[in-house]
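Participant: model this:
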Amino acid sequence: MGKRRKSGGEDVGGAKRTPAGRKTTEAGPARTRGAALELGSAWVKESEDGMEVEVRLTRGEQLLVQGRAALTVIQGTAFTHGARVTAGNTVTVTADPRSGAWLEVTARSSPGTRGEDSNTPAPTLDQDRLETPRELGPEHPHLHVRLEPAQPRADTDPRGFQWAVQRPDRTPQSTSNVAPGRAPEPASRTAGGSASALGAGAVAGHVFGNDAWTHGVICDEAIATAVADTTQPARIAVVGPKGVGKSSLCRLLANRLLATQGAVAWLDTDCGQPELTPPGCLSWTLLTEPLFGPPHLQQRRPDAAFFVGDTSPQHDPMKYVRAVAALAKHHAAVAPYAPLVINTHGWVRGMGLDLLADALDAAFPSLVIALDPPDSSKRNANLDAVLATQAARPHRSVTRVLGWAPQDRPGAAAAEVSEPSPEASRAAGVAVWLGACAGMRGPAAVCGGDAGGVAWDAVALAVLGATPVAVTGGSQVKVWNVMDDREVEPHQLRGLAGAIVGLGTSDVCGSDLTASAGLALVRSVGPGGRLYLLTDVARDVLAEVSVLLVGRLEAPRQLLRSGDGCSPHLCMHVLSGAGTGAAAQRSRSGVQRPRLAGKN
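Facilitator: Sure, this is the predicted structure:
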């Protein structure tokens, strides 16, 4: 067992270390089992693969996890981020340490809550391993779980995960920093503050201050409202400005619906920060497993998608609305039995608000949940008017809910909490997708074991070493610019190096919609318009691609300057502020300059 630092009178992994170095718990002295150490309700074991932690929770206790770890339920039923995980199942949970996010794992709620009564069959991530949890008396743990490093992981995984047990009437009882080959560090590094400080607010959608959010009570009420006036499954849209938790609430709703349904459909109308795909796409995906962690760690191949070509729909708003309507029609044709969760963009002013209203009419939700900013002075009167119009639609309800704001990490300075910017989130999503194109071992290899960071050098080397697919633009496939609705000229093809293009399955372009089978990176361009593509699309599907859709998407700048493989060519739209080192010049025609005052 690795040595632990001595620190006077502080909790280490649930045990109290006295100045003399003796470890004690409420149940008595700590007991060792070979290479393991038992600390109260937690049992810690060190091995070559890292630290393994088993935690036994009683009613009212919560396990908080930060970082990335594999969570296995040994006994009982766990709820985490709205999802139910039964005994014998393992899920990978993620909370970004940089943002101060903590993922809550709680025991099964008391009977009687909607979707959790004895008449409802307990769903599981693996139906073959379903075990009905027996009722446990007060002398037994209500929930027994195990935490271990998530696999696969990169060879250099410096962060691991942290854990804490939160009691209902005290500060977190045990906190440990767990990483491969390293003993837990003192609790004073991460613990601190009151128990309510850990649960107040929400960061990255992992921790909610209100227990009703944590246990899904508000979600259950929303689901009941969504199906009250119709015989169809719930169709729930979440709207609101940026930064109020729309995507987080959508994940919570989807997980809560999966607790009672076999599948849940996800309609993503946010092309700037989509939840399940790289940016630049509108998609429809049928989910059968819960969603945990930030978007870039849970990407899935959509069942239907349209390529927008930009992080904003402003270049062709009508095509954007038609694409949303087509995806909603696809849902009605393919999976009308499945509840539908609709994720929307946070552009709620000007054209963005008009597009939001049109998208809601096209998707026809039975319930619209509006997340209001915590600061009432930032309420949008125009959005209120749109919501009033939506409430007047037949078979449609509107619910207003107070959103949440990032909260400081317990025991840390406010400067240490950094919510990822939209640009960083998009870059991380593209990096994970590129890792899949280059054959990397999942998101963990792309992120280097860090829930929030990206190992750009490793991604660059993988992209350079991957074998591309060669196609000839113009003759073998059509190359279409969706921004200008015209075909790309042969002399312009060389400028596509570094661009991310859509793989269209129909040669009907222009004003009509073209379904997208996926995305591809133009790694390089050879003579005669020979394009070398990296994609994660299967070869049999790739054979059906007849048009490459070009927009404004490009390889992240972090990739272009990583490793030894700097590209000699950049795509057409890469010379932005980031590419030139200078910010884009803005028009200031309305500014009266003093030296020009009074002059014609």
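Participant: burial count for residue 54?
Facilitator: 18 (other CB atoms under 10 Å). In this view, the C-beta of every residue, glycine as well, is placed from N, C-alpha and C.
Participant: swap in residue 333?
Facilitator: A count of neighbours around residue 333, defined by other CB under 10 Å, yields 9.
Participant: so which elements touch the helix or strand containing it?
Facilitator: Assigned by DSSP states H and E, residue 333 belongs to helix 317-334. In terms of contacts (3 or more CB pairs under 8 Å, 6 or more residues apart in numbering; DSSP states H and E), helix 317-334 is packed against strand 264-268, strand 281-287, strand 304-307, helix 351-363.
Participant: between those, which one is nearest to residue 67?
Facilitator: Closest to residue 67 of the helices and strands packed on helix 317-334 is strand 281-287 (CB to CB; 24.2 Å).
Participant: and the contacts of that closest one?
Facilitator: For strand 281-287, contacts defined as CB atoms under 8 Å, 6 or more residues apart in numbering pick out 254, 258, 263-269, 271, 274, 276-277, 300-308, 320, 323-324, 327, 330-331, 334-335, 338, 502, 516, 519.
Participant: buried subset of these, written for ChimeraX?
Facilitator: Selection of buried members from the contacts of strand 281-287 for ChimeraX, criterion 16 or more other CB atoms under 10 Å:
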select :254,258,264,265,266,267,268,269,271,274,276,277,301,302,303,304,305,306,307,308,320,323,324,327,330,331,335,338,502,516,519
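Participant: report how many residues lie close to the closest residue to residue 426 other than its chain neighbours.
Facilitator: Nearest non-adjacent residue to residue 426, counting by CB to CB, 6 or more residues apart in numbering: residue 279, 4.7 Å away. Using other CB under 10 Å, residue 279 is surrounded by 24 other residues.
Participant: my guess is residue 279 contacts residue 430. True?
Facilitator: Yes: Residue 279 is within contact range of residue 430, at 7.1 Å (criterion: CB atoms under 8 Å).
Participant: avg pLDDT for the longest strand seen in the chain?
Facilitator: Longest strand in the chain, counting residues (DSSP state E): strand 62-75. The average pLDDT within strand 62-75 is 82.
Participant: can you check stretch 428-439 too?
Facilitator: Stretch 428-439 comes out at a mean pLDDT of 91.
Participant: same question, stretch 103-118
Facilitator: Stretch 103-118 shows a mean pLDDT of 51.
Participant: kindly report the same for stretch 293-307.
Facilitator: 88.
Participant: quick one: the nearest residue to residue 244 once chain neighbours are set aside from residue 386, how far?
Facilitator: In this structure, residue 244 finds its nearest non-sequential neighbour in residue 403, 3.0 Å apart by CB to CB, 6+ apart. Going from residue 403 to residue 386 by CB to CB, to the nearest Å gives 17 Å.
Participant: quick one, helices of this protein?
Facilitator: Taking DSSP state H, the helices of the chain run over residues 195-199, 211-214, 217-226, 246-258, 317-334, 351-363, 381-391, 422-437, 442-447, 456-465, 539-542, 557-560, 577-580.
Participant: out of those helices, which gets nearest to residue 488?
Facilitator: Residue 488 lies closest to helix 317-334 among those, at 18.2 Å (CB to CB).
Participant: may I have the closest one as CSV, with CA atoms only?
Facilitator: Provided in CSV are the C-alpha atoms of helix 317-334 (Å, rounded to 0.1, in the frame of the first residue of the first chain):
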residue,chain,number,x,y,z
PRO,A,317,-32.6,29.7,-42.1
MET,A,318,-35.3,28.2,-44.3
LYS,A,319,-33.3,25.1,-45.0
TYR,A,320,-32.6,24.8,-41.3
VAL,A,321,-36.3,24.7,-40.5
ARG,A,322,-37.0,22.2,-43.3
ALA,A,323,-34.3,20.0,-41.9
VAL,A,324,-35.8,20.1,-38.4
ALA,A,325,-39.2,19.2,-39.9
ALA,A,326,-37.7,16.3,-41.9
LEU,A,327,-36.1,14.9,-38.8
ALA,A,328,-39.4,15.2,-36.9
LYS,A,329,-41.1,13.4,-39.7
HIS,A,330,-38.5,10.7,-39.6
HIS,A,331,-39.2,10.2,-35.9
ALA,A,332,-42.9,9.8,-36.6
ALA,A,333,-42.2,7.2,-39.3
VAL,A,334,-39.4,5.2,-37.6
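Participant: quick revisit: quick one: the residue nearest to residue 244 and residue 242 touch, right?
Facilitator: No: assessed by CB under 8 Å, residue 403 is found out of contact with residue 242, at 10.3 Å.
Participant: give me the more crowded residue out of the two.
Facilitator: Shown here are residue 403 and residue 242; by other CB under 10 Å, residue 403 has more neighbours (19 against 13).
Participant: and the closest residue to residue 75 other than its chain neighbours, what does it touch?
Facilitator: In this structure, residue 75 finds its nearest non-sequential neighbour in residue 144, 3.9 Å apart by CB to CB, 6+ apart. Applying CB under 8 Å, 6+ apart, we find residue 144 in contact with 54-57, 73-76.
Participant: give me the distance between residue 144 and residue 53.
Facilitator: Distance from residue 144 to residue 53, by CB to CB: 12 Å.
Participant: could you do residue 307 as well?
Facilitator: Applying CB to CB to residue 307 and residue 53 gives a distance of 44 Å.
Participant: burial measure for residue 146, as a count.
Facilitator: For residue 146, the count of nearby residues is 17 (other CB under 10 Å).
Participant: make residue 1 into 6 and carry on from there
Facilitator: In the new numbering, first residue 6, that becomes residue 151.
Participant: for it, what are its contacts?
Facilitator: Shown in contact with residue 151 (CB under 8 Å, 6+ apart): 57-60, 76-77, 79.
Participant: so where is the stretch 306-455 of the chain shaky, pLDDT-wise?
Facilitator: By pLDDT under 70, the weakly predicted segments of the stretch 306-455 of the chain are 409-424, 453-455.
Participant: oops, could you answer that again for the stretch 156-305 of the chain instead?
Facilitator: For the stretch 156-305 of the chain, the stretches flagged by pLDDT under 70 are 156-165, 172-223, 234-235.
Participant: 80 - rerun?
Facilitator: 156-236, 298 (pLDDT under 80).
Participant: picking up where we left off before, what angle do strand 286-292 and the helix holding residue 338 make with each other?
Facilitator: Computed by axes from the mean of the first three to the mean of the last three CA atoms, to 10 degrees, the angle separating helix 322-339 from strand 286-292 equals 20 degrees.
Participant: contacts for helix 322-339 next, please.
Facilitator: Helix 322-339 is contacted from outside by 270, 272, 274, 276, 287-289, 291, 308-309, 311, 313, 318, 343, 345, 356, 359-360, 363-364, 367-369, 516, 518, using CB under 8 Å, 6+ apart.
Participant: sorry, back to before: got the CA positions of the longest strand of the chain in PDB?
Facilitator: Provided in PDB are the C-alpha atoms of strand 67-80 (Å, rounded to 0.1, in the frame of the first residue of the first chain):
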ATOM      1  CA  GLN A  67     -24.700  10.300  -1.600                       C
ATOM      2  CA  LEU A  68     -21.600   9.400  -3.400                       C
ATOM      3  CA  LEU A  69     -20.000  12.300  -5.300                       C
ATOM      4  CA  VAL A  70     -17.600  11.500  -8.200                       C
ATOM      5  CA  GLN A  71     -15.300  13.900 -10.000                       C
ATOM      6  CA  GLY A  72     -13.200  12.900 -13.000                       C
ATOM      7  CA  ARG A  73     -13.800   9.700 -15.000                       C
ATOM      8  CA  ALA A  74     -14.400   6.300 -13.400                       C
ATOM      9  CA  ALA A  75     -16.200   3.000 -14.000                       C
ATOM     10  CA  LEU A  76     -19.100   2.700 -11.600                       C
ATOM     11  CA  THR A  77     -20.300  -0.900 -10.800                       C
ATOM     12  CA  VAL A  78     -23.500  -1.500  -8.700                       C
ATOM     13  CA  ILE A  79     -22.900  -4.500  -6.500                       C
ATOM     14  CA  GLN A  80     -26.000  -4.400  -4.400                       C
END
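Participant: rewinding a little: out of the helices of the chain, which is closest to residue 502?
Facilitator: Nearest to residue 502 among these is helix 562-565 (10.3 Å), distances taken as CB to CB.
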